[in-house]
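*Asks:* Structure, please.
(chains A and B)
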Amino acid sequence: MGQHTSLYQKHLDAGAKMVDFAGWNMPINYGSQIEEHQQVRTNAGVFDVSHMTVVDIFGPDANVFLRFLLSNDIAKLDKVGRALYSAMLNENGGVVDDLIVYRMENGFRIVVNCGTREKDLNWMAVQSKAFTVTIEEKPQLAILAIHGPASLEKVCQVLDQNRIAPVQALRNFRGVLLGDWFIARTGYTGEKGVEIIFPNKEAPAFWDKLLAAGVKPIGLGARDTLRLEAGMNLYGHDMDENTSPLAANMEQAISWEPQDRDFLGRQALLEHKKNQDAGNLSKLVGLVLEERGVLREGQRVVSNAGEGVITSGSFSPTLKHSIALARIPVNSQSCEVDLRGTLTPVRIVRPNFVRFGKKVFE
Amino acid sequence: MSNFPDNLKYASTHEWILVNEDGIATVGISDHAQEALGDIVFVELPESGTSVNAKDEVAVVESVKAASDIYSPVSGEIISANNDLTDAPETVNSVPYDGGWFYKIRLTNELELDELMDAEAYAEHVEEE
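*Replies:* From the prediction side, this is the model:
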């Protein structure tokens, strides 16, 4: 049967096709995934991502604990509301999960993936034993992501009057707590927008207001093609516990400085870096297929330097051809993909395809 | 709910076939198949003049979700393919029994039609899947 978010009935009312997603009954689309994708690139759409796990971390050692737990350095969060993308690594430098951490008034708020919830909570509990911190999951909170060029304007049309000005003032990767609504300029689409973390019981009424303002509901199918175009990783596909973040294009989630910050996985990462410099660790790249056909996860990649694999692949609704993320030998100059038995040449590009509705690679 | 016109015959692999009196038939995929595939982005069609056997893989449909082989419900010679699908593959989603047809084939063994399902049997088949 699966778990339901507070918006389950709203999804059914909107004609959603529901699927199981890591034990949750979630909307994959409301008709056409491609139309939903275009809606976000050209106007505004809303995603229910309440299945994701919100964890608040506070207490006297919250700061030192997170500087140990996370590969990125929360010391960069110099003001309340600021957000940071990070990984949580194991001792081998494998990725336990990727996450967003926000600095809050009394500690930190972390949003981790849904499929990794139990593992992450256990990991945090084990790693926190030497610290005086409280780790509190917040299942009573819903998360809506509203994205697209018209998203902020439409959100502000339906927000409570006293919340409008603070939200309009937000810059990218910043959030603000207004009553029990936390609103932040973060997301997973490559478009501008906000994520709103707020009480489950208030979610259905706000959803209705958004739809009335012309924001369209967007399923997890379009969420996947949007994030792929934006070159953003999906946990369990583009990286996992056996993948170095250096082999997953996650350098931006690692803070090497200061050198005396001995975060979990740091020693292993230093080894990975040496290996990569020596040409022995793969890298995550973007692939582009401009002719017919669709690159898919799991397809074999053959490069001049050895073999690799596609970790995420799809048709790009914005570019009208297929794109993929692939892990290939670090010294690859050119490559081909095994497309249903035929080796087909593809172009290697930086893993970032579309931003703000526009193609961003050469 | 999917729609299965009564004048067509259906294969268990979700193709439909419409037989004309001149022994030429039109083949496409069912409303249920397009619905299950989701947004279709590429269709690879057979070439005219090709001889095929029933159950041969003759076409490929790529949707946002997956690639699927299309099997010919009957044996025969491909007479023509619907090249409009090259530029507008989404036609298969919007009108699977009309503009979304795949190819026309000249039958070589009409007895094969007896092995296909009518609309009612196919609806049951879809229900059981």
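*Asks:* in a helix, that's where A:Leu226 is, yeah?
*Replies:* Yes - under DSSP: H, G, I helix; E, B strand; the rest coil, A:Leu226 sits within a helix.
*Asks:* On the pLDDT front, check it for me.
*Replies:* Note for A:Leu226: predicted pLDDT of 98.
*Asks:* wait, doesn't it sit right on A:Gly219?
*Replies:* No - the pair A:Leu226 / A:Gly219 is not scored as a contact, 10.9 Å apart, by Cβ atoms under 8 Å. C-betas here are computed from N, CA, C, even on glycine.
*Asks:* how close does A:Lys359 get to chain B?
*Replies:* To chain B, A:Lys359 is 17 Å away according to Cβ to the nearest Cβ, to the nearest Å.
*Asks:* For burial, what's the neighbour tally of that residue?
*Replies:* A count of neighbours around A:Lys359, defined by other Cβ atoms under 10 Å in any protein chain shown, yields 12.
*Asks:* Ok, A:Ile328 next?
*Replies:* 24.
*Asks:* beta partners of the residue sitting nearest the centre point of chain B?
*Replies:* With distances taken as Cα atoms, centre = their mean, the residue of chain B nearest its centroid is B:Gly28 (2.5 Å). Applying DSSP bridges to B:Gly28 gives these bridge partners: B:Trp16.
*Asks:* so how far is A:Phe173 from it?
*Replies:* The gap separating B:Gly28 from A:Phe173 is 49 Å, by Cβ to Cβ, to the nearest Å.
*Asks:* now do A:Gln259
*Replies:* 25 Å.
*Asks:* before we move on, what about A:Ala253?
*Replies:* Counting by Cβ to Cβ, the gap from A:Ala253 to A:Phe173 is 13 Å.
*Asks:* what about these two, which has more around it?
*Replies:* Neighbours around A:Ala253 and A:Phe173, counted as other Cβ under 10 Å, are more numerous at A:Ala253. The numbers are 21 against 17.
*Asks:* give the contact list for the more buried one.
*Replies:* By Cβ atoms under 8 Å, 6 or more residues apart in numbering or on different chains, A:Ala253 lies in contact with A:71-72, A:85-87, A:98, A:245.
*Asks:* Quick one: buried ones out of the residues you listed?
*Replies:* A:71-72, A:85-87, A:98, A:245 (16 or more other Cβ atoms under 10 Å in any protein chain shown).
*Asks:* Need the residues that contact the longest helix seen in chain B.
*Replies:* Among the segments of chain B that qualify as a helix by DSSP state H, the longest is helix B:119-128. By Cβ under 8 Å, 6+ apart, the surrounding residues in contact with helix B:119-128 are B:2, B:4-6, B:8, B:10, B:12, B:30, B:32, B:117.
*Asks:* how about 7 Å then?
*Replies:* B:2, B:4-6, B:8, B:10, B:12, B:32, B:117 (Cβ atoms under 7 Å, 6 or more residues apart in numbering or on different chains).
*Asks:* Which residues of chain A lie near chain B?
*Replies:* A:32-34, A:221, A:225, A:292-294, A:314-315, A:340 (Cβ under 7 Å from any Cβ of the partner chain).
*Asks:* rerun at 8 Å
*Replies:* Counting by Cβ under 8 Å from any Cβ of the partner chain, the residues of chain A close to chain B are A:29, A:32-34, A:221, A:225, A:292-294, A:296, A:314-315, A:317, A:340.
*Asks:* List buried residues within the residues you listed.
*Replies:* Here, 16+ other Cβ under 10 Å leaves A:29, A:32-34, A:221, A:225, A:292-294, A:296, A:314-315, A:317 buried among those.
*Asks:* from these, which two are the most distant?
*Replies:* A:Asn29 and A:Arg292 (23.4 Å; Cβ to Cβ).
*Asks:* Give me the below-cutoff pLDDT ranges for chain B.
*Replies:* B:1 (pLDDT under 70).
*Asks:* now the residue sitting furthest away from the middle of it: how far from A:Glu336?
*Replies:* Largest separation from the mean C-alpha position in chain B: B:Glu128, at 20.1 Å (Cα atoms, centre = their mean). When distance is defined by Cβ to Cβ, B:Glu128 is 41 Å away from A:Glu336.
*Asks:* rewinding a little: quick one: which of the buried ones among the contacts of A:Ala253 is nearest to chain B?
*Replies:* A:Asp98 (23.9 Å; Cβ to the nearest Cβ).
*Asks:* The closest one in helix, strand or coil?
*Replies:* A:Asp98 - assigned by three-state DSSP - is strand.
*Asks:* Report the spatially nearest residue to it, omitting neighbours in sequence.
*Replies:* The spatial neighbour of A:Asp98 that comes closest, neighbours along the chain excluded (Cβ to Cβ, 6 or more residues apart in numbering or on different chains), is A:Ala87 at 5.2 Å.
*Asks:* Which other helices and strands does the host helix or strand of that neighbour contact?
*Replies:* Using DSSP states H and E, A:Ala87 maps to strand A:83-89. Packing contacts for strand A:83-89, counted by 3 or more Cβ pairs under 8 Å, 6 or more residues apart in numbering or on different chains; DSSP states H and E, involve strand A:95-104, helix A:117-127.
*Asks:* got the buried residues for the longest one?
*Replies:* Think helix A:117-127. A:117, A:120, A:123-124, A:127.
*Asks:* List the contacts of A:Pro317.
*Replies:* A:33-34, A:37-38, A:41, A:225, B:64.
*Asks:* pLDDT at it, what is it?
*Replies:* 97.
*Asks:* go on, A:Lys320?
*Replies:* 94.
*Asks:* one step back: residues of the longest helix of chain B that come out buried?
*Replies:* Result for helix B:119-128 [16+ other Cβ under 10 Å]: buried residues B:119, B:122-123, B:126.
*Asks:* Pipe the helices and strands packed on strand A:83-89 into TSV and attach mean pLDDT per row.
*Replies:* Formatted as TSV, the helices and strands packed on strand A:83-89 follow (pLDDT from 0 to 100):
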stretch	mean pLDDT
strand A:95-104	98
helix A:117-127	98
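*Asks:* what's the closest of the ones you listed to A:Ile197?
*Replies:* Once Cβ to Cβ is applied to those, the stretch that comes out nearest is strand A:95-104, at 9.0 Å.
*Asks:* Sheet partners, orientation included, of the closest one?
*Replies:* Strand A:95-104 has these strand partners (DSSP bridges): strand A:83-89 (antiparallel), strand A:107-112 (antiparallel).
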